[in-house]
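Novice: Please work out how this folds:
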Amino acid sequence: MRPTTRASRGRPGGEINYYRTERRSYAPLFALAAVAAVALAAANVAVARGLFGAEAAAPSPRAPLGVRAGHTSHTSPPRSRAGRPPAHPRSGAAAPTRPQPAVGAINPKVPGLTTFRGNLSRSYYGEGPVPRRSPRILWRYPRRGGLCSRSTDETGTSTWCGVGWTGQPNVIPRKNGAVELRFGAYDRGYHFLDAETGTPVRKTLVTGDLAKGSATSDPDGYPLYYAGSRDNLLRVVALDRARPKVLWQIDANTSVPKVVWNNDWDGAPLVVGDYLLEGGENSWFYVVKLNRGYDRWGKVRVRPRIVLRVPSWDGRLLTATGVRAFSIENSVSFHRGVAYFANSAGLVQGWDLRRVLHGGTTAKRVFRFWTGDDTDASVVVDAEGFLYVASELEQFDGRSRRVGQLMKLNPRRPGKPLVWSVPLPAAGAGGKGGSWSTPALDRGLVYVATNAGGVVGVDRRTGKVRSSVRLSGPTWGSPVVVDGVLLEGDCKGVLHAFDVSRQDRPPRELWSIRLGGCIEATPAVWKGRIYVGTRGGAMYALGS
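Specialist: Residues are numbered from 1 along each chain as shown. You can find the predicted model right below:
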């Protein structure tokens with residue numbers, strides 16, 4: 001959970017080729033939610049056991065899925081093609097700098113940044129070149145004024161402006177050479193701009209409250225946009241009409257037996273085949289069968305059906321933590337049939353969805369790890385299936401001290417998944433440490449920004465800190481690395497570019513540019529241009 005003093009709080013399975021501090025009174029909610037989960041489990045456990053045994057969970061097309069309290073699966077996912085990684089990497093080894101295979105869009109036939117961090121594993125940052133000399137502001141949207149509205153949270157009603165955490169725009173190239181920029185903002189709108197000029201190419205779709213987080217454009221080329229809002233609704237929007245039209249929506253309050261914590265939508269939905277994966281601040285994970293297609297007039301249509309709902313908590317978590325907040329505020333990642341997400345009590349889970357994604361009715365939890373503290377950053381998966389998880393430091397309890405705030409996890413070793421961890425204890429905004437930032441992978445290093453302010457580079461194999469850069473905190477935006485250049489914004493409104501092409505040397509600042517307003521959002525890079533929003537009220541395009 002992000003501190004309420006900032007803007008954002010309101011803030012491996014088989015070889016399947018799918019593509020060629022809202023602080024509330026938790027006790028009553030928690031008690032009711034626990035009862036609901038147990039009751040639902042009783043209704044579904046017979047079906048689940050019939051297919052997977054007692055460790056499985058089964059959904060109902062009409063009733064949400066329940067998971068019995070304390071459920072933990074000890075069945076690990078099948079190995080990747082590369083085989084089982086070494087259980088204990090050699091410590092003290094030099095950081096590898098050998099380039100890895102290029103990571104691209106979800107669907108190679110549909111290029112662009114269609115979702116937060118670009119692909120299923122949340123590890124694609126865009127296409128270069130990146131300016132290596134000071135860029136200039138090519139345009140600002142809006143040209144005057146700001147993207148602002150009034151919104152209410154537990155601290156009262158105030159004015160919110162600009163683009164907040166995580167706030168990375170979609171960049172959608174067209175066959176005619178045009179490029180479209182899509183993003184949500186704190187003026188309550190979904191915006192659609194010509195990336196060349198910054199002028200609108202579609203009408204703004206106005207929601208009922210702040211359009212938070214990041215959104216998703218359909219990775220298979222359907223003219224569809226998937227986005228949430230603080231107005232409790234996650235929407236499927238058609239973009240082939242005279243103006244954007246909502247075709248379907250999920251209400252965070254009415255689509256589950258009981259909301260636990262909140263009802264916002266922060267994460268960027270993930271589209272895998274014809275299924276949408278999303279977690280909500282209501283503490284539930286959803287799988288939706290979209291049934292995409294076109295009607296007789298050639299207009300896109302969907303016939304969605306929620307096929308799976310699972311709570312983000314379990315009985316062991318209830319026993320271990322005194323924090324009754326289980327919201328999913330990160331964007332779900334996916335690797336070889338398994339969906340990964342974390343919650344605001346620090347529970348990281350992996351659910352095997354292979355049966356569901358082939359029309360079945362059961363899913364199985366195959367991975368569980370507790371970080372000990374609020375984990376809002378998205379889980380990042382590398383090519384070998386290792387997980388990189390960044391966590392906040394708010395509770396300062398024994399568990400978070402033991403496991404640190406940046407972790408590498410091996411889901412093929414579910415009994416002892418922690419490969420290495422790095423503590424990030426330095427306190428920043430609100431007296432809190434750790435990270436709200438999703439890690440970035442670049443060759444032999446993983447980079448993460450900290451609440452205290454700055455970016456840390458860590459050897460992916462050994463867990464040794466290789467570099468550290470201080471910036472004005474909090475730095476909530478997720479680092480972006482393209483063509484050996486790392487981009488990170490700070491809370492004084494300055495976007496920084498660092499040369500990280502030589503990982504055996506400290507990062508060297510190439511340039512910085514002041515935009516104004518804390519930069520909580522994550523930049524998008526596309527062929528010589530950088531797009532980033534700030535809390536100052538605007539979206540910017542930067543380039544030579």
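
Novice: Show the residue spans covered by the helices in the stretch 351-500 of the chain.
Specialist: 398-403 (DSSP state H, counting those that start in this stretch).

Novice: Can you read off the pLDDT for the residue nearest the centre of the chain?
Specialist: Nearest residue to the geometric centre of the chain (Cα atoms, centre = their mean): residue 331, 2.4 Å. Looking at residue 331, its pLDDT reads 98.

Novice: my read: it touches residue 271, true?
Specialist: No - in this structure, residue 331 is not within contact of residue 271 by Cβ atoms under 8 Å, at 11.8 Å. Placement of C-beta: from N, CA and C, glycine included.

Novice: list the residues that contact both of the two?
Specialist: residue 115 (Cβ atoms under 8 Å, 6 or more residues apart in numbering).

Novice: got the contact list for the residue nearest to residue 463 when sequence neighbours are not counted?
Specialist: Sequence neighbours aside, residue 420 is the residue nearest to residue 463 in space, at 2.8 Å (criterion: Cβ to Cβ, 6 or more residues apart in numbering). Residue 420 makes contacts with 89, 407-408, 462-463, as judged by Cβ under 8 Å, 6+ apart.

Novice: can you tell me how far the residue nearest to residue 395 when sequence neighbours are not counted sits from residue 282?
Specialist: In this structure, residue 395 finds its nearest non-sequential neighbour in residue 373, 5.1 Å apart by Cβ to Cβ, 6+ apart. Per Cβ to Cβ, to the nearest Å, residue 373 is found 21 Å from residue 282.

Novice: next one: residue 208
Specialist: As for residue 208, its distance to residue 282 is 16 Å (criterion: Cβ to Cβ).

Novice: Which one of the two is surrounded by more residues?
Specialist: Ranked by neighbour count (other Cβ atoms under 10 Å), residue 208 and residue 282 place residue 282 first, with 28 against 11.

Novice: per-residue confidence for the more buried one?
Specialist: For residue 282, the model assigns a pLDDT of 95.

Novice: Likewise for residue 43?
Specialist: Looking at residue 43, its pLDDT reads 34.

Novice: again with residue 258
Specialist: 88.

Novice: ok, now the one 4 residues further on?
Specialist: Residue 262 is assigned a predicted lDDT (pLDDT) of 87.

Novice: Assign it to helix, strand or coil.
Specialist: coil (DSSP: H, G, I helix; E, B strand; the rest coil).

Novice: what sits against the nearest residue to it once chain neighbours are set aside?
Specialist: Spatially, and ignoring its direct neighbours in sequence, residue 262 is nearest to residue 281 (4.0 Å; Cβ to Cβ, 6+ apart). By Cβ under 8 Å, 6+ apart, the residues touching residue 281 are 252, 261-266, 327-329.

Novice: can you tell me which of the residues you listed lies nearest to residue 360?
Specialist: residue 328 (22.9 Å; Cβ to Cβ).

Novice: any idea which element the residue lying closest to residue 233 once chain neighbours are set aside lies in?
Specialist: Computed as Cβ to Cβ, 6+ apart, the closest residue to residue 233 that is not its neighbour in sequence is residue 249, at 4.6 Å. Using DSSP states H and E, residue 249 falls within strand 245-251.

Novice: by contact count, what packs against that strand?
Specialist: strand 233-238 (3 or more Cβ pairs under 8 Å, 6 or more residues apart in numbering; DSSP states H and E).
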